[in-house]
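Visitor: The following comprises the amino acid sequence and a computationally predicted model.
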Amino acid sequence: MDFLSDNLPYILSGISVGGQYALIAIGYTMVYGILRLINFAHGDVFMVAGLMMVYLSSWAPLYVTIPLVIILTVLLGFIIERAAYKPLRSSPRMSIMISAIGVSYLLQNISLYITGGLNKNYPSIPWISDTITIGTAVTKRVTVITPILTIVLVVALVILIKHTKIGMAMRAVSRDFETSQLMGIKVDSVISYTFIIGSLLAAIGSILYFTNYPGVVPNSGAMPGLKAFVAAVFGGIGSIPGAVVGAFIIGICENIIKGLDTMLVTSGIIKNPLGLATFSDAFTFALLIIILIVKPTGLFGEKKTDKV
Amino acid sequence: MLKIENLKVNYGGIEAVKGISFEVDEGSIVTLIGANGAGKSTTLRTIAGLVKPASGTVSFMDEDITNKKANEIVAKGITLVPEGRRVFPDLTVIENLRVGAYLRKDDLTEDIKWVYSLFPRLEERSWQAAGTLSGGEQQMLAVGRALMSRPKLMMMDEPSLGLAPLVVKGIFDIIKEINKQGVTILLIEQNANMALHTADMGYVLETGRITLSGPGKELLKDEAVKKAYLGK
């Protein structure tokens, strides 16, 4: 029981961070599913959502700012696709990837210009930033809300994809652009919808994520973006359930590693802390290497059922 | 109904179609036959709006549709059953049918019943992923999917490709049946014998040009056609 109470805070924050990674990872995996593109700008869209919150919240009350940030982030995702990816639709895949890297740096540099590189304090959102106590763990309410909200959004998304007309169109387009066009599907609008959904979830993820952190800087999106990307690959890129499971596993594992020293010391296995927390980021990437060697298609990787 | 005038299409850096003209009358079955690389597929893909022509016009029901996009052309009532069937492998059979009716907003129950009455095999496999069907079943599904848009004109690209002779006969029987029910058919085939027996009108395409034309039954008797395409 002591073990659980000692480690509950780490596990809770792991689940919470996992949910935030999941919301970002879905954007990576959906775009990959349709365009076979790793959207390198996605983490930066997430960061820009954070910065927009910082600036807008000093102008307007939060009940205006939050929906506004979500709408503007969706708009940003939509515009990025139309301006930077759509013109390259029939170019080699490498060109569009380079364009994605370009957009990523563009967003970071614009942010750097606007913020002057200074840390911008993220507004504290009442209720979700309140401190609560669960068992022995003292945490913010957002820690509990994140995983619940993530699950609700993912279930809604899966229903959208499995049971609606636009979802069916997305699944069709992800397999075959040309035949989809022959069915009368507007491929460009389906792609736009994908970016809209991805950006919407990234905006929500950003609000939940930055609430736990003191502030936003122009490269705030890099690490969570990268980890969400690893989560998507780990789960099998192109698969939504895969991305979610991958994100939770990575979130929980990296937080357990952060708490591992305390765990080991209190249980008497070691006398002095080893500084293992330093390796929590490295763990994520070690996991990526392992999965790429052992099962390159990831946990729920796309099965090929084509019959030619 | 469909009128092609002096159509030229460049495809993959070469002039694949070098100025062809032909017509498809309402209610008929028309076939384009020819060897590999004669420009048959390119012609159909151009009519369907997947490829832009270099010059010439395509008109349908007296309306110029030359530079319309593929999704607009479906809305006009032209559908293409693509070469190699191209069913959506992860979608179930019934989802494939529904996606075929993507532009329609009305009730699909009757149409699905109709397709299932033409292809009872598909009904048995309704909830199966299309990727798990046999080649013949996939061809049936591709035809059924095309019919779901309620086309006036159905174009078919090599429906017999890679299928067993008995299955091919079944497919051609269905084509005649669909035609009887009021759908005009434009068919391209390497299986010239089967195609000419079925068609009211045939055109022979050779390296991007139409070299012969006439009613299907007459082309079957033509010496040049016999030699080149019927192996007699």
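Guide: Nice, thanks for sending it over. The structure presented is a predicted model; accordingly, all values stated were derived computationally and were not measured.

Visitor: so how far is A:Q20 from A:L201?
Guide: Using Cβ to Cβ, to the nearest Å, one obtains 10 Å as the distance from A:L201 to A:Q20. C-beta coordinates here come from the backbone N, C-alpha and C atoms, glycine included.

Visitor: what do you get for B:S126?
Guide: As for B:S126, its distance to A:Q20 is 40 Å (criterion: Cβ to Cβ).

Visitor: ditto for B:A142
Guide: 43 Å.

Visitor: Neighbour count for those two, which is higher?
Guide: Counting neighbours by other Cβ atoms under 10 Å in any protein chain shown for B:A142 and for A:Q20 shows that A:Q20 has the greater number, 30 against 25.

Visitor: which intervals of chain B have sub-threshold pLDDT?
Guide: Residues of chain B that meet the criterion pLDDT under 70 lie in B:232.

Visitor: tell me which parts of it are close to chain A?
Guide: B:48-50, B:69-71, B:74-75, B:79-80, B:82, B:84, B:86, B:88-91, B:95, B:98-100, B:102-103, B:129, B:131-135, B:138, B:145, B:149 (Cβ under 8 Å from any Cβ of the partner chain).

Visitor: Mind checking which of the residues you listed are buried?
Guide: For these, burial is judged from neighbour counts taken by 16 or more other Cβ atoms under 10 Å in any protein chain shown, and it is met by B:48-50, B:69-71, B:74, B:79-80, B:82, B:86, B:88-91, B:95, B:98-100, B:102-103, B:129, B:131, B:133, B:135, B:138, B:145, B:149.

Visitor: out of these, which are inside strands?
Guide: Among those, the residues falling in strands (DSSP state E) are B:T79, B:L80.

Visitor: now the helices for chain A?
Guide: Counting by DSSP state H, the segments of chain A that form helices are A:2-35, A:42-57, A:62-80, A:93-115, A:141-163, A:165-175, A:177-182, A:187-211, A:222-235, A:240-266, A:280-294.

Visitor: Make a markdown table out of these and add mean pLDDT and distance to A:G135.
Guide: Formatted as a markdown table, the entries for the helices of chain A read as follows, by pLDDT from 0 to 100; distance: least, Cβ to Cβ, whole Å:
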| stretch | mean pLDDT | distance to A:G135 |
| --- | --- | --- |
| helix A:2-35 | 90 | 6 |
| helix A:42-57 | 96 | 30 |
| helix A:62-80 | 97 | 30 |
| helix A:93-115 | 96 | 39 |
| helix A:141-163 | 95 | 12 |
| helix A:165-175 | 95 | 40 |
| helix A:177-182 | 96 | 51 |
| helix A:187-211 | 96 | 22 |
| helix A:222-235 | 94 | 27 |
| helix A:240-266 | 90 | 15 |
| helix A:280-294 | 90 | 23 |
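
Visitor: do you know which of these lies nearest B:N36?
Guide: Between B:N36 and the helices of chain A, the tightest spacing by Cβ to Cβ is seen for helix A:177-182, at 20.1 Å.

Visitor: Identify the residues contacting the closest one?
Guide: Helix A:177-182 is touched from outside by A:169, A:172-173, A:187, A:190, B:48-50, B:69-71, B:74, B:79-80, B:82, B:86, B:88, B:99, with contacts defined as Cβ atoms under 8 Å, 6 or more residues apart in numbering or on different chains.

Visitor: who in the stretch 51-200 of chain A is up against chain B?
Guide: When proximity is defined as Cβ under 8 Å from any Cβ, the stretch 51-200 of chain A approaches chain B at A:165, A:168-169, A:171-172, A:175-176, A:178-186.

Visitor: Need the buried ones from those selected in ChimeraX.
Guide: Isolation of the buried members of these (16+ other Cβ under 10 Å) is achieved in ChimeraX through the command below:
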select /A:168,169,171,172,175,176,179,180,181,182,183,184,185,186
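
Visitor: count of neighbours near residue 62?
Guide: Just going to use chain A. That count, for A:L62 with other Cβ under 10 Å as the rule, works out to 18.

Visitor: try chain B instead
Guide: By the other Cβ under 10 Å criterion, the neighbourhood of B:D62 contains 7 residues.

Visitor: centroid residue for chain B?
Guide: When chain B is reduced to its mean C-alpha position, the closest residue under Cα atoms, centre = their mean turns out to be B:M156, at 1.4 Å.

Visitor: show me the contacts for that residue.
Guide: Neighbouring residues of B:M156 by Cβ under 8 Å, 6+ apart: B:L80, B:V81, B:V143, B:I175, B:I185, B:L186, B:L187, B:I188.

Visitor: Apply 10 Å and report the result again.
Guide: B:29, B:31, B:44, B:79-83, B:139, B:142-143, B:146, B:171, B:175, B:178, B:185-189, B:195 (Cβ atoms under 10 Å, 6 or more residues apart in numbering or on different chains).

Visitor: for A:K120, same thing?
Guide: With Cβ under 10 Å, 6+ apart as the criterion, the residues that contact A:K120 are A:50-51, A:53-55, A:58, A:111, A:114, A:210, A:214-218, A:220.

Visitor: what residues are up against residue 26?
Guide: In the absence of a named chain, this looks at chain A. Counting by Cβ under 10 Å, 6+ apart, the residues that A:I26 touches are A:42, A:150, A:153-154, A:157, A:197-198, A:200-202, A:205, A:228, A:231-232, A:240, A:243-244, A:247.

Visitor: To clarify, I was referring to chain B.
Guide: B:E26 makes contacts with B:M1, B:L2, B:M61, B:K152, B:L153, B:G182, B:T184, as judged by Cβ under 10 Å, 6+ apart.

Visitor: List only buried entries from those.
Guide: Applying 16+ other Cβ under 10 Å to these flags B:M1, B:L2, B:K152, B:L153, B:T184 as buried.

Visitor: how far is stretch A:288-305 from where the chain is centred?
Guide: For stretch A:288-305, the separation from the chain centroid amounts to 19 Å (computed by Cα atoms, centre = their mean, to the nearest Å).

Visitor: residues making contact with it?
Guide: By Cβ under 10 Å, 6+ apart, stretch A:288-305 touches A:29, A:33, A:174-175, A:226-227, A:229-246, A:249-250, B:89-90, B:129-132.

Visitor: which one is the residue of the stretch 1-150 of chain A found nearest chain B nearest to, not counting chain neighbours?
Guide: Here the stretch 1-150 of chain A gets closest to chain B at one residue, A:G33, 10.8 Å apart by Cβ to the nearest Cβ. Once its chain neighbours are removed from consideration, A:G33 has its nearest residue in A:G238; the separation is 4.2 Å (Cβ to Cβ, 6 or more residues apart in numbering or on different chains).
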